[in-house]
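Q: sequence first, predicted model second:
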Amino acid sequence: MDYKKLQNGSDIRGVALEGIEGQHINLTEEVCRDIGRGFALWLCKKLDNKKNIRVAVGRDSRLSGETLGKWICSAMAEQGLEITDFGMASTPAMFMSTVTPGYEFDGSVMITASHLPFNRNGFKFFTKDGGLESRDIKEILAFAEDGATTGLSSGSLKHGEFMDTYAAILADKIRLATGEEKPLEGFKIVVDAGNGAGGFYVDKVLATLGAITDGSRYLDPDGSFPNHIPNPENKEAMESITEAVHEVGADLGIIFDTDVDRAGAVLSDGSELNRNRIIAMLAAILLREHPGTTIVTDSITSTGLAKFIEEKGGVHHRFKRGYRNVINESIRLNAEGRDSQLAIETSGHGALKENYFLDDGAYLVTKLLIELARGKKMGYTLESLIESLEEPEESVEFRMNINLSDFKEYGQAVIDDLTAYAGKKPGWSLAPSNFEGVRVNLDESHGNGWFLLRLSLHDPLLPLNIESNEVGGTRRIATELSEFITNYDKLDISSLSDFIK
């Protein structure tokens with residue numbers, strides 16, 4: 001098979017189980033062992049053939065995780081590496097195993113496919129410098145395909161435990177910030193782990209800090225995901241944690257994705273804390289701690305969020321979609337001397353400068369809990385932190401397929417043409433400092449909002465996001481845009497047309 005097809009940006013993803021029509025297993029034993037060998041070669045090269053290279057391996061709750069773990073662990077051990085299998089873990093914890101004193105592994109592997117269906121799985125890789133980049137994955141897969149070996153004698157394989165240590169780091173951070181041993185005593189906090197790997201947060205963090213966690217849901221790992229998709233962007237998942245908050249009158253509800261690199265929350269009044277709202281909350285916290293800092297977000301954040309950040313004294317830097325894109329942009333700004341404390345996508349991928357620029361859902365939640373405890377002492381609530389955030393009346397997204405094999409050239413042509421068109425159309429204005437696709441603002445007589453048309457990172461489609469500050473505004477914007485977009489016969493605009501009718 002063509003191993004390059006397994007690359008998904010800075011991850012490797014594929015099909016590990018049968019069960020969905022038309023999707024056949026490509027993460028076979030041979031492939032997984034080759035990937036393990038490829039990572040061993042890549043790591044040996046990076047570390048200049050250092051002796052006794054140590055690698056940690058973890059997995060989320062996926063049904064195929066244990067089997068894939070056995071294959072990749074044994075393959076790396078055969079290449080001379082010293083492997084420690086941590087079993088059930090979170091993606092952020094696997095990075096932390098490379099920098100935590102007493103562990104400090106040379107590299108780590110996380111077996112996960114995030115929120116994708118039960119039959120999918122994949123691999124994420126880390127060193128102490130962070131997650132690997134797309135170019136690194138390309139090199140690992142090239143090593144996997146060419147059959148080369150390290151030439152080292154056989155290494156070792158043992159089992160270990162790290163989640164207790166990782167959880168203690170989070171709990172101690174809350175204690176240190178609040179100055180109390182049990183700063184969450186008396187608070188009702190519920191967690192919905194969606195049967196992913198996030199259930200540890202209840203007993204190993206919240207309970208140790210005194211929180212009442214009765215009413216928490218789906219904490220037991222189950223890779224068939226029998227209750228709902230573990231994804232803070234999923235409507236059913238957010239309804240589940242909202243229901244849990246209402247049932248027990250919780251002060252806060254927390255929801256994780258499968259491997260805990262993303263999180264969402266529900267406030268005590270039942271309002272969701274995700275997308276623009278969680279960015280605003282974290283921005284408010286960080287701008288108090290770091291006045292004037294730059295908040296880097298993806299391209300589809302709202303106009304209201306930009307205004308909120310500016311009013312709090314910060315700088316909003318709207319960049320491209322893709323969690324590696326926003327993280328790397330924030331790192332770049334810091335290298336140039338512009339302080340940037342937060343890089344975050346509307347999907348919930350958020351990384352803080354103070355935490356190695358690691359996208360860690362549990363760490364983001366930990367920041368919220370510190371604020372929850374502080375607020376009780378000082379007489380404010382989490383809700384009050386974002387009460388000035390202006391939110392759109394309507395928000396919609398369309399994903400329009402491009403029916404061509406050479407879709408990137410066609411899609412870019414549509415964007416280029418629309419840019420020229422928008423610059424001349426009355427009531428429309430091109431958004432300044434736009435780094436992805438074309439973003440257009442529309443005045444009150446043309447829909448009172450904005451739209452963004454961009455080319456998908458990996459798939460043959462043009463995603464279209466529309467927001468309006470008035471009821472009916474998104475339909476008006478879509479109608480005006482359709483006058484232009486109907487000219488492209490290789491673009492499937494059926495979802496947009498149905499919305500307008």
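A: All right, it came through fine.

Q: which residues touch G314?
A: Contacts for G314 (Cβ atoms under 8 Å, 6 or more residues apart in numbering) come out as A283, L286, L287, G292, T293, T294, I295. Using the backbone N, CA and C atoms, a C-beta is placed for each residue, glycine as well.

Q: next: G87.
A: By Cβ under 8 Å, 6+ apart, the residues touching G87 are G58, R59, G69, H159, E161.

Q: correct me if wrong: the first one contacts P92.
A: No: with contacts counted by Cβ atoms under 8 Å, G58 stays clear of P92, the gap being 10.2 Å.

Q: of those two, which one has the most company?
A: G58 (28 against 25; other Cβ atoms under 10 Å).

Q: for the more buried one, give its distance to G348.
A: Per Cβ to Cβ, to the nearest Å, G58 is found 20 Å from G348.

Q: again with S114
A: S114 is 11 Å from G348, where distance means Cβ to Cβ.

Q: what do these two both touch?
A: Common contacts of S114 and G348 (Cβ under 8 Å, 6+ apart): D257, R262.

Q: please identify which of those two sits among more neighbours.
A: G348 (26 against 22).

Q: can you give me the pLDDT of that one?
A: Looking at G348, its pLDDT stands at 89.

Q: quick check: the residue nearest to it when sequence neighbours are not counted vs I386, distance?
A: Distances taken as Cβ to Cβ, 6 or more residues apart in numbering put R262 closest to G348, at 3.7 Å, once the chain neighbours are dropped. As judged by Cβ to Cβ, R262 and I386 stand 19 Å apart.

Q: who's more crowded, these two?
A: Using other Cβ under 10 Å, the more surrounded residue of R262 and I386 is R262, with 30 against 22.

Q: so that one bridges to which residues?
A: Beta bridges link R262 to H349 when assigned by DSSP bridges.

Q: my read: it touches N274, true?
A: No: using Cβ under 8 Å, R262 makes no contact with N274, being 9.4 Å away.

Q: pull up the overlap in contacts between those two.
A: The contact sets of R262 and N274 overlap at P232, G348 (Cβ under 8 Å, 6+ apart).

Q: that older thread, M163 versus the residue nearest to G348, what's the distance?
A: 18 Å.

Q: how about the residue of the chain positioned farthest from its centre: what's its closest non-neighbour residue?
A: Most distant residue from the mean C-alpha position of the chain: S153, 38.1 Å away (Cα atoms, centre = their mean). Excluding the flanking residues, the one nearest S153 by Cβ to Cβ, 6+ apart is G80, at 5.9 Å.

Q: check G375 too.
A: T381 (5.5 Å).

Q: just R275 next, same as before
A: Distances taken as Cβ to Cβ, 6+ apart put T346 closest to R275, at 4.5 Å, once the chain neighbours are dropped.

Q: what about that neighbour, neighbour count?
A: Residues lying near T346 (other Cβ under 10 Å) number 21.

Q: same check, this time on G160
A: Around G160 there are 14 residues (other Cβ under 10 Å).

Q: for G69, see how far away it is.
A: 13 Å.

Q: any shared contact partners between these two?
A: Common neighbours of G160 and G69 (Cβ under 8 Å, 6+ apart) are D85.

Q: which residues does the residue nearest to G348 contact?
A: By Cβ under 8 Å, 6+ apart, R262 lies in contact with S114, N231, P232, F256, S347, G348, H349, G350, D359, G361.

Q: with adjacent residues omitted, what lies nearest to K173?
A: In space, K173 is closest to T366, 5.8 Å off (Cβ to Cβ, 6+ apart).

Q: just checking, what packs against the helix or strand encompassing the one you found?
A: Per DSSP states H and E: T366 is located in helix 361-378. Contacts defined by 3 or more Cβ pairs under 8 Å, 6 or more residues apart in numbering; DSSP states H and E place helix 361-378 against helix 91-96, helix 163-178, strand 252-256, strand 263-267, helix 275-289, strand 350-352, helix 382-385.

Q: what packs against the helix or strand following the longest one?
A: Right, the one you point to is helix 163-178. Under the assignment DSSP H and E, the closest C-terminal helix or strand after helix 163-178 is strand 189-192. Judged by 3+ Cβ pairs under 8 Å, 6+ apart, strand 189-192 is in contact with helix 235-248, strand 252-256.

Q: the stretch 301-450 of the chain: helices as residue ranges?
A: 303-311, 323-335, 361-378, 382-385, 407-422 (DSSP state H, counting those that start in this stretch).

Q: report the buried residues of the last one.
A: When burial is assessed from 16 or more other Cβ atoms under 10 Å, helix 407-422 yields the following buried residues: F407, Y410, G411, V414, L418, T419, Y421, A422.

Q: check the nearest residue to the third one once chain neighbours are set aside and give its pLDDT.
A: Once its chain neighbours are removed from consideration, G411 has its nearest residue in L455; the separation is 4.3 Å (Cβ to Cβ, 6+ apart). The pLDDT attached to L455 in the predicted structure is 95.

Q: now do the SS call for L455.
A: What DSSP: H, G, I helix; E, B strand; the rest coil gives for L455 is coil.

Q: surely it touches D416?
A: No: L455 is beyond contact range of D416, at 10.8 Å (criterion: Cβ under 8 Å).

Q: pick the most deeply packed of the helices and strands packed on strand 189-192.
A: strand 252-256 (a mean of 30; mean count of other Cβ atoms under 10 Å).

Q: neighbouring strands of that one in the sheet, and parallel or not?
A: Using DSSP bridges, strand 252-256 pairs in its sheet with strand 189-192 (parallel), strand 263-267 (antiparallel).

Q: put the alpha carbons of the shortest one into CSV.
A: It stands for strand 189-192. The C-alpha trace of strand 189-192 is given here as CSV (Å, rounded to 0.1, in the frame of the first residue of the first chain):
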residue,chain,number,x,y,z
ILE,A,189,-18.7,19.6,39.2
VAL,A,190,-19.8,17.0,36.7
VAL,A,191,-17.7,15.4,33.9
ASP,A,192,-18.9,13.7,30.7
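
Q: quick one: distance of that strand to the chain centre.
A: 19 Å (Cα atoms, centre = their mean, to the nearest Å).

Q: which SSE is immediately downstream of that strand?
A: Past strand 189-192, the next helix or strand by DSSP H and E is helix 200-201.

Q: and that following helix, what's its mean pLDDT?
A: Mean pLDDT, helix 200-201: 98.

Q: and if you look at stretch 60-76?
A: The average pLDDT within stretch 60-76 is 98.

Q: same question for it: list its buried residues.
A: 60-65, 67-76.

Q: can you check stretch 172-189 too?
A: Buried-residue list, stretch 172-189, by 16+ other Cβ under 10 Å: K173, I174, R175, A177, T178, P183, L184, F187, K188, I189.

Q: export these to TSV and tack on distance to R338?
A: Shown next, in TSV, are these (distance: Cβ to Cβ, whole Å):
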residue	distance to R338
K173	26
I174	29
R175	32
A177	26
T178	31
P183	33
L184	35
F187	37
K188	40
I189	36
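
Q: give the contact list for the closest residue in space to I137 that isn't next to it in sequence.
A: In space, I137 comes closest to Q7 once its chain neighbours are excluded; the distance is 5.2 Å by Cβ to Cβ, 6+ apart. Neighbouring residues of Q7 by Cβ under 8 Å, 6+ apart: S134, I137, K138, L141.
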